[in-house]
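Q: predicted model follows, preceded by the sequence.
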Amino acid sequence: MTQATDRPRIRLKPKANARGLRHGFPWVYANDIVADRRTRKIPAGALAVLEDEKRAPIALVAVNPESKIMCRVLDRDTDADLNAEWFETRLRRALDMRERLFDAQYYRLIHAEADGFPGVIIDRFGDACVIQPNAAWAEAHLETLTDALVAVTGVTTVLKNASGRTRGLEGLDDENQTLRGKAPDAPLPVPMNGATYMADLTGGQKTGLFYDQRPNHAFAARLVQPGAQVLDVFSHVGGFGLAMLAGGAGQALSVDGSASALELATRGAEASGFADQFQTRQGDAFDVLTKLSEESAQFDVVICDPPAFAPSKQALDAGLRAYERIARLAAPLVKPGGYLGLCSCSHAADLGRFRDASSRGIGRAGRQAQLINTGFAGADHPQLPQLAESGYLKAVFYRL
């Protein structure tokens, strides 16, 4: 075991928030570090002891001098050894909670900092897991993490997904890999909320499916009456549309820019027994919403679940304008007394600003609204209270 005395030591500047770090904040930004020549030479992914300005140890951290988040807190024990036991202990703790919550093995198993694995995402699909090691330390320990994952869960297939801007910010490659077993040669069926979704673990977005919207899908399904007409915009592989069909809707129209995502959505509708009730339209969501309005189309429930319009603080103003525009275009498509659900996965747009933009768009469409529900990610996406970014997903539901 590498003792703390053998590890590099990184010191905070006098004005850095050492108290916040001691109270659970998991990141140290580069501009809070005394960055001398020795510190800059620490390899990306290496472990170090973080000290306050008086050289008192705070935590064991993973270092990446090339990232704005220069240090990620791994353990309060500065002597901790990142061996198999360390990984297995944290994985078992995460698995225990998911097994209490879900009766089937389809969920997010590891949600980064909130589960004690900074920058790491692991989604489970029965006997397969997909890992997104979005931080340099996780890439450096990927073999040990994979071994521990197999030992704790018993999965037979482990895939690495290297897509996404976060790995680029960490200076990591974009090469996907099969780490254990054999990659599935066809999309996997995933049961959720009474529907079946098709998850492409090797060619789909992110890990293949978005589990975070599960409780919001369920709420939307409660809004439909038998025979309801529903519209699901930015539908990905069927998202809200399939859940609402399972809830009793008569017809669902799914809109997405990706032909491959809509093909998976169609296959999910077939697997769910909804083939005759399910339609798709490929195209830019703003254009499709405009055309549907020109066609005088109306629906009992309309849901819009776009990608992150505000992925950073710099993009916040433009992102809020886009959320407002979506609401303005979607509101006229809702029948009087119908429902509109609007979602944001932008951590830079907090709930208040997103809700205000959505409500403003509805008002500018000339509609009156009642806000009836606010939803968040499911419990398999826990939040770290000290890290606002871990509570990225918001969903607001209105009755118009």
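A: Perfect, thanks for sending it.

Q: C-alpha only now, for contacts and for neighbours.
A: Fine.

Q: how far away is Gln370 from Val224?
A: Going from Gln370 to Val224 by CA to CA, to the nearest Å gives 17 Å.

Q: so which of these two has more stuff around it?
A: Ranked by neighbour count (other CA atoms under 10 Å), Gln370 and Val224 place Val224 first, with 22 against 11.

Q: show me where the stretch 251-400 of the chain dips below the pLDDT cut-off.
A: In the predicted model, the stretch 251-400 of the chain carries no residue with pLDDT under 70.

Q: show me where the stretch 51-200 of the chain has strands.
A: For the stretch 51-200 of the chain, applying DSSP state E, counting those that start in this stretch gives strands covering 57-63, 69-75, 106-111, 120-125, 128-133, 157-160, 177-180, 188-192, 195-199.

Q: of all those strands, which one comes closest to Val301?
A: In terms of CA to CA, the element of the strands of the stretch 51-200 of the chain nearest to Val301 is strand 195-199, at 17.8 Å.

Q: what about the helix or strand just after the closest one, average pLDDT?
A: Using DSSP states H and E, the helix or strand that follows strand 195-199 in sequence is helix 214-223. Mean pLDDT, computed over helix 214-223, is 98.

Q: got the angle between helix 214-223 and strand 188-192?
A: 60 degrees (axes from the mean of the first three to the mean of the last three CA atoms, to 10 degrees).

Q: next helix or strand past helix 214-223?
A: In N-to-C order, the element after helix 214-223 by DSSP H and E is strand 229-233.

Q: about what we covered before: could the strands of the stretch 51-200 of the chain go into JSON lines alongside mean pLDDT?
A: Listed next are the strands of the stretch 51-200 of the chain as JSON lines, based on pLDDT from 0 to 100:
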{"stretch": "strand 57-63", "mean pLDDT": "96"}
{"stretch": "strand 69-75", "mean pLDDT": "95"}
{"stretch": "strand 106-111", "mean pLDDT": "98"}
{"stretch": "strand 120-125", "mean pLDDT": "97"}
{"stretch": "strand 128-133", "mean pLDDT": "96"}
{"stretch": "strand 157-160", "mean pLDDT": "97"}
{"stretch": "strand 177-180", "mean pLDDT": "96"}
{"stretch": "strand 188-192", "mean pLDDT": "97"}
{"stretch": "strand 195-199", "mean pLDDT": "97"}
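
Q: isn't there a strand covering Asp317?
A: No - the assignment for Asp317 (DSSP: H, G, I helix; E, B strand; the rest coil) gives helix, which keeps it out of a strand.

Q: distance-wise, check it relative to Gly363.
A: 19 Å.

Q: please say which of those two ends up with more neighbours.
A: Neighbours per residue (other CA under 10 Å) separate Asp317 from Gly363, with Gly363 holding more: 16 against 13.

Q: doesn't that one lie inside a helix?
A: Yes - under three-state DSSP, Gly363 sits within a helix.

Q: could I get the contacting residues of it?
A: By CA atoms under 8 Å, 6 or more residues apart in numbering, Gly363 lies in contact with 328, 369.

Q: Arg267 is in contact with Ala195, isn't it?
A: No - checked against CA atoms under 8 Å, the pair Arg267 and Ala195 is beyond contact range at 11.4 Å.

Q: just the helices from the chain, written as ranges.
A: Using DSSP state H, the helices of the chain run over residues 18-22, 37-40, 84-101, 136-140, 142-153, 165-169, 214-223, 239-246, 259-272, 285-294, 316-330, 351-364.

Q: report the buried residues of the first one.
A: Going by neighbour count (16 or more other CA atoms under 10 Å), the buried part of helix 18-22 is 18, 21.

Q: returning to that earlier point: including distance to Val230, could the helices of the chain go into JSON lines?
A: Output for the helices of the chain, formatted as JSON lines (distance: least, CA to CA, whole Å):
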{"stretch": "helix 18-22", "distance to Val230": "46"}
{"stretch": "helix 37-40", "distance to Val230": "55"}
{"stretch": "helix 84-101", "distance to Val230": "29"}
{"stretch": "helix 136-140", "distance to Val230": "42"}
{"stretch": "helix 142-153", "distance to Val230": "38"}
{"stretch": "helix 165-169", "distance to Val230": "33"}
{"stretch": "helix 214-223", "distance to Val230": "10"}
{"stretch": "helix 239-246", "distance to Val230": "7"}
{"stretch": "helix 259-272", "distance to Val230": "14"}
{"stretch": "helix 285-294", "distance to Val230": "13"}
{"stretch": "helix 316-330", "distance to Val230": "12"}
{"stretch": "helix 351-364", "distance to Val230": "18"}
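
Q: return the most buried member of these.
A: Ranked by mean neighbour count, the helices of the chain are led by helix 239-246 with a mean of 29 (mean count of other CA atoms under 10 Å).

Q: tell me which residue is most central in the protein.
A: The centroid of the chain falls nearest to Asp212 when counting by CA atoms, centre = their mean (6.3 Å).
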